[in-house]
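> Here's a sequence, model it:
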Amino acid sequence: MMSQPARLRRPAPTAGRRRAPAVPARSTPRHAMSRGATEVDFVKLSPTCNTTLLVTSRHPARHYRAIAEKLLRAEHVHAEQVGFILPVESPEAQARLHMAGDEFCANATMALAALHAATQGLDGPVELRLEASGAADLLDCRVERRDSGYICQLASPLPIRIDPYPFPGAPSGAAMVRYADAVHLVIECSGHNSVLRERAEQVATQLGISEGVSVVGVMLYDPVRGELAPLVNVPALGSLVWEGSCGSGTASLGAYLAAKAQAPVRAAVRQPGGTMHVHADYGSGKVTGLRVTGQVAIVAEGTAYIHD
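Numbers count the residues shown, from 1 in each chain. You can find the predicted model right below:
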C-alpha cells in the first residue's frame, strides 16, 4: 500500500562499480528557488511514449486542474497527462490514482502500477489491484520488470455499448464506443492525412461539448497497416492532444473489432510511440473482457514549482 509518497529505490553500489562524481551543493537554497510557489513532487513516466506525470505530494482536489495546466506546458515539466497518487480507499487495493480531469486513463493506470512496483521493490510478475478515477471497480494489472522498464497488462473497463457513427471519409466504418463517463470514436481509414486529422480535431471538440463526459477519444485506425493515431480531448483541462499512444483507445479499438467480427480478437496495434496489444473477449453478443498491454519506463523524478 502506498500510504505516503515514496522515493524510487536506487541500487546500492557494488564492487567494481565506479562511483559518480559528487554533485556540488546547490548555490541557491531550495526555499529561495521555490519562494512563493507551490511545491509539487512528481515522477515522470513513459507508458509507450504517452508521457505521464504522477504527482506524489498531497494537494487539495480543487487545485488539481490548475496544477496540471502548469505542469503540462512545454515551458514547464511537459507531458501529455497528469494524475495524482492518493491513499487507497479499498483494503483490497495497493494504489490509487485520480486524473486531473477526473477521467479514466489506461496508460496512466499502468504507469501507477509500474511506479508502485518500483517503490516497493517488486520485480514480478506480480498482480496488483488498483483504484482509478473514471473506473467504478478495482482494476487488475499484471506487472513484470524488464531491463528497460516494466511490462504491464491491465484489465480495462468494459464499454456500455457500441453504436454505428456516421463519419464522412470513413467508407470502411466508424463506431462510438461508449462508457459511463467517456466516449471513443473509432474510425477506420486508409492513412492519416492532414484533412482527416483536422476533421478528427473538429469532431473531438464538438463531442467534448455535446457528450458531457470526462474524456473524448477519436481513434484513426488503418486496418491494413494495423496503425492507430489517437487523439484525446479532456474537456475539463481544455486539452486536445495527438498522443504517443492511448491505452484506453487501444481497448476501445479491441472492443470495436470484436463487436464487428462477433468473435474474440487479439491485435498488435502500432502507434506513434510504439506497439500496444489488446485482447478482447466476446460472447453472448457482447464484449466480455478487455486487456491492454504496454511498456512503462520511469524517466524522471523531481519537484516542480507552481507560481500563481
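
> can you give me phi and psi for residue 179?
Dihedral pair for residue 179: phi -120, psi 180, per degrees, to the nearest 10.

> Can you get me a residue count around it?
When counting by other CB atoms under 10 Å, one arrives at 24 neighbours for residue 179. Just so you know, the C-beta spots here come from the backbone N, C-alpha and C atoms, and that holds for glycine as well.

> doesn't residue 161 make contact with it?
No. Contact criterion CB atoms under 8 Å: residue 179 and residue 161 do not qualify, at 9.5 Å.

> Skip ahead from the longest helix seen in the chain and say which helix or strand is next.
Taking DSSP state H as the criterion, the chain has its longest helix at helix 194-210. Counting by DSSP states H and E, the next helix or strand C-terminal to helix 194-210 is strand 215-222.

> and that following strand, which strands flank it?
Strand 215-222 has its sheet partners listed here by DSSP bridges as strand 182-188 (parallel), strand 227-234 (antiparallel).

> ok, residues contacting it?
For strand 215-222, contacts defined as CB atoms under 8 Å, 6 or more residues apart in numbering pick out 101, 103-105, 134, 181-192, 196-197, 200-201, 203-204, 207-208, 227-235, 246, 248-249, 252-253.

> again, only using 6 Å
Strand 215-222 is contacted by residues 103, 182-189, 192, 200, 203-204, 207-208, 228-234, 249, 253 when judged by CB atoms under 6 Å, 6 or more residues apart in numbering.

> got any ranges where this protein has weak pLDDT?
1-33, 169-171 (pLDDT under 70).

> still on that earlier bit, quick one: which of the strands paired with strand 215-222 is nearest residue 81?
Ranking these by proximity to residue 81 (CB to CB) places strand 227-234 first, at 7.7 Å.

> For the closest one, what is the distance to the chain centroid?
Relative to the chain's own centre, strand 227-234 is displaced by 12 Å; criterion: CA atoms, centre = their mean, to the nearest Å.

> Check which element follows that strand along the chain.
Where DSSP H and E defines the elements, the next helix or strand beyond strand 227-234 is strand 239-242.

> on contacts alone, who are the packing partners of that following strand?
Counting contacts by 3 or more CB pairs under 6 Å, 6 or more residues apart in numbering; DSSP states H and E, strand 239-242 packs against strand 227-234.

> now do 7 Å
Here strand 239-242 touches helix 194-210, strand 227-234, going by 3 or more CB pairs under 7 Å, 6 or more residues apart in numbering; DSSP states H and E.

> The last one vs helix 194-210, what angle?
Read that as strand 227-234. Interaxial angle, strand 227-234 versus helix 194-210 (axes from the mean of the first three to the mean of the last three CA atoms, to 10 degrees): 30 degrees.

> what's next to strand 227-234, contact-wise?
With CB atoms under 7 Å, 6 or more residues apart in numbering as the test, strand 227-234 has contacts from 101, 103, 192, 200-201, 204-205, 208, 215-221, 239-243, 245-246, 249-250, 253, 269-271.

> hey, C-alpha coordinates of that strand in CSV?
The C-alpha coordinates for strand 227-234 follow below in CSV (Å, rounded to 0.1, in the frame of the first residue of the first chain):
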residue,chain,number,x,y,z
GLU,A,227,-1.8,1.5,-37.1
LEU,A,228,-3.7,3.8,-34.7
ALA,A,229,-3.4,7.6,-34.4
PRO,A,230,-5.0,8.5,-31.1
LEU,A,231,-6.5,12.0,-30.4
VAL,A,232,-7.6,12.7,-26.9
ASN,A,233,-9.7,15.6,-25.6
VAL,A,234,-10.1,16.2,-21.8
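
> still on that earlier bit, pick the most buried one from the helices and strands packed on strand 239-242.
Mean neighbour counts were compared across the helices and strands packed on strand 239-242 using mean count of other CB atoms under 10 Å; the top stretch is strand 227-234, at a mean of 24.

> So residue 252 sits against residue 177, correct?
Yes. With contacts counted by CB atoms under 7 Å, residue 252 reaches residue 177, the gap being 4.1 Å.

> who has more neighbours, these two?
Shown here are residue 252 and residue 177; by other CB under 10 Å, residue 252 has more neighbours (34 against 27).

> For the more buried one, give me the backbone phi and psi.
Backbone torsions of residue 252, given as degrees, to the nearest 10, read phi -70, psi -40.

> any idea how far it lies from residue 288?
From residue 252 across to residue 288, the span is 15 Å (CB to CB, to the nearest Å).

> follow-up on the earlier one: how about the strands paired with strand 215-222 in JSON lines, adding distance to residue 55?
Output for the strands paired with strand 215-222, formatted as JSON lines (distance: least, CB to CB, whole Å):
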{"stretch": "strand 182-188", "distance to residue 55": "22"}
{"stretch": "strand 227-234", "distance to residue 55": "16"}
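
> Looking at those strands, which is nearest to residue 281?
Between residue 281 and the strands paired with strand 215-222, the shortest gap by CB to CB is with strand 182-188, which sits at 17.8 Å.
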